[in-house]
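[1] Kindly generate the corresponding structure for this input.
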Amino acid sequence: MMVLVTGASGFLGSHAVRALLDAGHDVRASARSADRVHRALEPLGCSDMVEVVEGDVTDADDVTRTLGGCDAVLHAAAVYSYAARRGRECLQANVRGAECVLGQAVALGLDPIVHISSYVALLPSNSTITVGSPVGQPPTPYALSKARTEEIARRFQADGAPVAIINPGMVWGPDDPGMGESSLFARSVLAGQVPFGLPGAVPVVDVRDVAAAIVAAMRPGRGPSRHLATGETVPMRQVQTMVAEAGGTRPPRGTAPGWLLLGLGRTADWVQRVVPPRLPVSYQAPWTLTHGAPIDASATERDLNVTFRPAGDSIRDTVRWLLDAHQS
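    Numbers count the residues shown, from 1 in each chain. Just a heads-up that it's a prediction; the model follows:
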């Protein structure tokens, strides 16, 4: 089966390409830059095993061209950033991309159509999050963009389209070509930029396990489906301790109150709009930590026959990769 992967230059997109190839699929890898796709796939050993095309998922003509001749699609392209200066870009590009890719895939009769959402699309929640949970109304730009794209995907599902929605947790693991939020956070902890413990908890999941869930969902004839791709929900202070211990640095001391971090995050977002260097704090991170809920992903493990590895394994692999990349 020929599968188009949008966002193939990204963390999850590149690992999904590798997993789909291993499962015997043909892959067309799409992103705005062909060079970035090749750089992302090179460490995974599959740069020369795919058809690489350049395309912008917000451009209808580009989407038509890249979808041509494909049987299925994995829509993993998204602007993923907690930086305040990119808030409008997140909202506009992510929503437009979902409209173009999912809409045209449905019109062309592709099956399956796999859409990568996020657990943040279901926040805030007052009860355990399951596949039946409603879409949330988060106040931060990236999370809100994921909620709105999930609404688009669910509307297609309501019409019977074979759209599979996958909601990953906080994705960790090695070989992150774009240094996403997990890698940046780990690097900040290792550098001593976050000396205090953070409140709340986060659902940790390994990028390789999400890729395995994608492969399992990439089967025609399944119809609409939803899958939570999250492993253990771990207190954030414990995540920091795992990072520090894996990197041989000092674990955080104490735990900062949520109200303080939310205030600092708002201030940092205001500063970030006018100051070029990336700041290690934002409003979205503490909001997500303090408005989370337990997540029950047992249905995903049962329905897709996947197992999510322990959080410590993923975090340690991330740190080892960061240290190796820095030394090289």
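[2] Not counting sequence-adjacent ones, nearest residue to Ser118?
    Of all residues not flanking Ser118 in the chain, Lys146 sits nearest, at 4.4 Å (Cβ to Cβ, 6 or more residues apart in numbering). C-beta: built from backbone N, CA, C; applies to glycine.
[3] same deal with Ala8?
    Closest to Ala8 by Cβ to Cβ, 6+ apart is Ala29, at 3.5 Å.
[4] what pLDDT does that neighbour get?
    The model reports Ala29 with a pLDDT of 97.
[5] That one: neighbouring residues, count only.
    30 (other Cβ atoms under 10 Å).
[6] For it, give me its contacts.
    Counting by Cβ atoms under 8 Å, 6 or more residues apart in numbering, Ala29 touches Val5, Ala8, Gly13, Val17, Val37, Leu41, Val50, Glu51, Val52, Val53.
[7] Now restrict those to buried residues only.
    Buried by 16 or more other Cβ atoms under 10 Å: Val5, Ala8, Gly13, Val17, Val37, Leu41, Val50, Val52, Val53, out of these.
[8] picking that back up, what's the local residue count around the residue nearest to Ser118?
    Other residues close to Lys146 by other Cβ under 10 Å number 28.
[9] which residues touch it?
    Ala78, Asn94, Ser117, Ser118, Val120, Ala121, Pro138.
[10] Show only the entries of these found in strands.
    When the contacts of Lys146 are checked against strands (DSSP state E), there are no matches.
[11] just the residues you listed: which has the poorest pLDDT?
    Ranking these by pLDDT, Ala78 lands last with 90.
[12] Confirm for me that that residue is in contact with Ser117.
    No - using Cβ atoms under 8 Å, Ala78 is not in contact with Ser117, being 9.3 Å away.
[13] For the helix or strand hosting Ala98, name the packing helices and strands.
    In the assignment (DSSP states H and E), Ala98 maps to helix 87-108. Applying 3 or more Cβ pairs under 8 Å, 6 or more residues apart in numbering; DSSP states H and E, we find helix 87-108 packed against helix 60-67, strand 72-75, strand 113-116, helix 141-158.
[14] tell me how far the longest one is from the chain's mean position?
    Yep, that's helix 141-158 we're talking about. In this view, helix 141-158 has its centroid 14 Å away from the chain centroid, taken as Cα atoms, centre = their mean, to the nearest Å.
[15] Ok, the second one next?
    Averaging C-alpha positions (Cα atoms, centre = their mean) puts strand 72-75 15 Å from its chain's average.
[16] Only alpha carbons, please: show that strand as PDB.
    In PDB, the C-alpha atoms belonging to strand 72-75 read as follows (Å, rounded to 0.1, in the frame of the first residue of the first chain):
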ATOM      1  CA  ALA A  72      -3.700   5.900   2.400                       C
ATOM      2  CA  VAL A  73      -2.300   8.900   4.300                       C
ATOM      3  CA  LEU A  74      -0.800   9.600   7.700                       C
ATOM      4  CA  HIS A  75      -1.300  13.300   8.500                       C
END
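[17] That'll do, ta.
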